[in-house]
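# Just a sequence and a predicted model for now, questions to come.
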Amino acid sequence: MVKKDEVQKPKRKQFSLDVSDLENFVYDMSRCVKCKGCKWVDHIFIEGINYSIRCPSSLWKPYDAYGAFGKMRIGIALYEKRLEWTEKLLEILYACTLCGACDVGCKRNLDLEIGLALESLRIKAVREGAAPLPAHREVISNVLKTHNRFGLKNEGRENLQASLRFKKDRSILYFVGCLSSFHEFHIPEALCKVLMESGWGFEFLDEEWCCGNVIYSLGMIEEAKKIAERNVELIRSKKANVLLVSCAECYRMWKVDYPKILGLSTDELGFRVTHFIELAFDLLKEGYFRPRRKIERKVAYHDSCSVSRLCDPWVKWSGTRGWMGITDPPIKRRRGIFGLYLQARTILSSIPGLKLVELPRTRENALCCGAGRGTKEAFPEFSDFVVKERIKEVKDSGAEMLVSSCPWCKIHFRGALSDGGIDVLDISEVLALSL
Ligand code: SF4
Ligand code: SF4
């Protein structure tokens, strides 16, 4: 009889979380059981028939194909070459804000990597020549040629930097981001005011380039990798301990997507990525500043996806899958629990007179504003539909002011709320007003 230790076990196939290889996510795509936990708000938090869906795509078009469950089936069919790229198929994949609501929803029941599968499918679309879409050409060319989203002279960033009053401290580098460098000046102005009041300082980067969020989001992994390598190397060369950002998209890109693209874990970057609300929360807690001025308004806080469910640190993984998909070593799952939910609410609640109201879809269950990841450029009707859905919720809450921690959410809401009635501000601006 053959003894157990005489038999050489066949080697198990190695997998990783590398999004550039769709094979890593075949297990996840094929194990979707169509329970639709990715579409609905967590059941215990559903307040009624209204505002019970958290997937923007499913809300826009109530066909299975638009939900993550449909996209997973399409993904498998593409992987097995049973489907070809068509205009409709690309709409299904790209009229999706990669907001992560499906991913954290799915992980309530099953540990499937839905978000990574969606990103990987876009990379496949680009590699096979089906994407990026014609509507994305302009923004791609702007980022790659001028290093900012708007196709403006990149040296223009210095105008803002020269106009601000701030204390210099080389241990913190402030990465302003494209939108605040060229248009949303009130955000860096407010950030400077809060840090000045606290006695804290920072330095600007003299050669800031776009973080490349849109390039990565569209599936252009090779180009995104070049940007990530350049940007990470630049920060390392400055030997700063902290990279400060005030844009949610930049935050996710630096903290999660750069390490993901570069094969690192977040803690191997060599510097800490901090959003303004994390720093302001710490400074408030430690008594560096105190909001004094009353703001007697009802305020709703919108959890921008990239400072909430999408910002858990990235932990690289490679290993095998065994019975029932059990991974060896275990994967440290990203479930959105390290989002900056508490920080934002603590900051707002510290302002005298301000009454914070919770929206029905909140924290991990928040509905995305509908602006990001290339959707506004290619599917403006989808983007408009989603922001209007979110605004209905804000109006129903009785809020007089809508606050977020992302300039992209802010301009998207402001555009849709141009009839007045509800003010739209970034959290840094509200805080600066209270000083
Ligand atoms: S929650 Fe997960 S398993 Fe359930 S339908 Fe959605 S993707 Fe499929
Ligand atoms: S990423 Fe967001 S929009 Fe896309 S399928 Fe998932 S929940 Fe829907």
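Right, received. Where do you want to start? Ligands and ions are numbered 1, 2, ... in the order given.

# Name the residues of the stretch 201-350 of the chain found near ligand 1, please.
Residues of the stretch 201-350 of the chain lying near ligand 1 by CB under 6 Å from any ligand atom: none. Backbone N, C-alpha and C define where each C-beta goes, glycine included.

# At which residues are the strands of the stretch 201-350 of the chain located?
202-204, 242-245, 272-275, 298-301, 318-321, 327-328 (DSSP state E, counting those that start in this stretch).

# could these be laid out in CSV, adding distance to ligand 2?
Formatted as CSV, these follow (distance: least, CB to the nearest ligand atom, whole Å):
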stretch, distance to ligand 2
strand 202-204, 33
strand 242-245, 22
strand 272-275, 21
strand 298-301, 20
strand 318-321, 23
strand 327-328, 22
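
# Looking at the ones you listed, which is nearest to residue 46?
strand 298-301 (18.4 Å; CB to CB).

# Adding distance to residue 217, write the strands of the stretch 201-350 of the chain out as TSV.
Formatted as TSV, the strands of the stretch 201-350 of the chain follow (distance: least, CB to CB, whole Å):
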stretch	distance to residue 217
strand 202-204	26
strand 242-245	17
strand 272-275	18
strand 298-301	24
strand 318-321	24
strand 327-328	26
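
# Let me have these in TSV, adding mean pLDDT and distance to residue 341 as columns.
Output for the strands of the stretch 201-350 of the chain, formatted as TSV (pLDDT from 0 to 100; distance: least, CB to CB, whole Å):
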stretch	mean pLDDT	distance to residue 341
strand 202-204	95	25
strand 242-245	98	18
strand 272-275	98	12
strand 298-301	98	9
strand 318-321	96	31
strand 327-328	95	28
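
# Output these as JSON lines; include the columns mean neighbour count.
JSON lines is the format used below for those (neighbours: other CB atoms under 10 Å):
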{"stretch": "strand 202-204", "mean neighbour count": "20"}
{"stretch": "strand 242-245", "mean neighbour count": "23"}
{"stretch": "strand 272-275", "mean neighbour count": "22"}
{"stretch": "strand 298-301", "mean neighbour count": "22"}
{"stretch": "strand 318-321", "mean neighbour count": "14"}
{"stretch": "strand 327-328", "mean neighbour count": "13"}
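
# of those strands, which approaches residue 125 most closely?
The nearest among those, by CB to CB, is strand 318-321 at 24.6 Å.

# neighbouring strands for that closest one, and are they parallel or not?
Strand 318-321 has the following sheet partners, assigned by DSSP bridges: strand 15-16 (antiparallel), strand 327-328 (antiparallel).

# Now distance to residue 240 too, for the ones you listed, in JSON lines please.
Formatted as JSON lines, those follow (distance: least, CB to CB, whole Å):
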{"stretch": "strand 15-16", "distance to residue 240": "30"}
{"stretch": "strand 327-328", "distance to residue 240": "35"}
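
# Can you say which of these is nearest to residue 415?
Using CB to CB, those put strand 15-16 closest to residue 415, at 40.3 Å.

# Can you give me every residue that contacts the residue lying closest to residue 340 once chain neighbours are set aside?
For residue 340, ignoring the flanking residues on the chain, the nearest one in space by CB to CB, 6 or more residues apart in numbering is residue 307 at 4.8 Å. By CB atoms under 8 Å, 6 or more residues apart in numbering, residue 307 lies in contact with 248, 251-252, 275, 277, 339-340, 344, 405-406.

# For ChimeraX, what selects the buried ones among the residues you listed?
Selection of buried members from the contacts of residue 307 for ChimeraX, criterion 16 or more other CB atoms under 10 Å:
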select :248,251,252,275,277,339,340,344,405,406
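
# So what's the residue count around whichever residue of the stretch 201-350 of the chain sits closest to ligand 2?
Residue nearest to ligand 2 within the stretch 201-350 of the chain (CB to the nearest ligand atom): residue 305, separated by 8.0 Å. Other residues lying near residue 305 total 28 when counted by other CB atoms under 10 Å.

# For residue 258, which of the strands of the stretch 201-350 of the chain is the nearest?
Residue 258 lies closest, by CB to CB, to one member of the strands of the stretch 201-350 of the chain: strand 272-275, at 8.7 Å.

# burial of the residue in the stretch 251-400 of the chain that ligand 1 sits nearest to, as a residue count?
Ligand 1 sits closest to residue 325 of the stretch 251-400 of the chain, with a gap of 12.2 Å, by CB to the nearest ligand atom. Residues lying near residue 325 (other CB under 10 Å) number 12.
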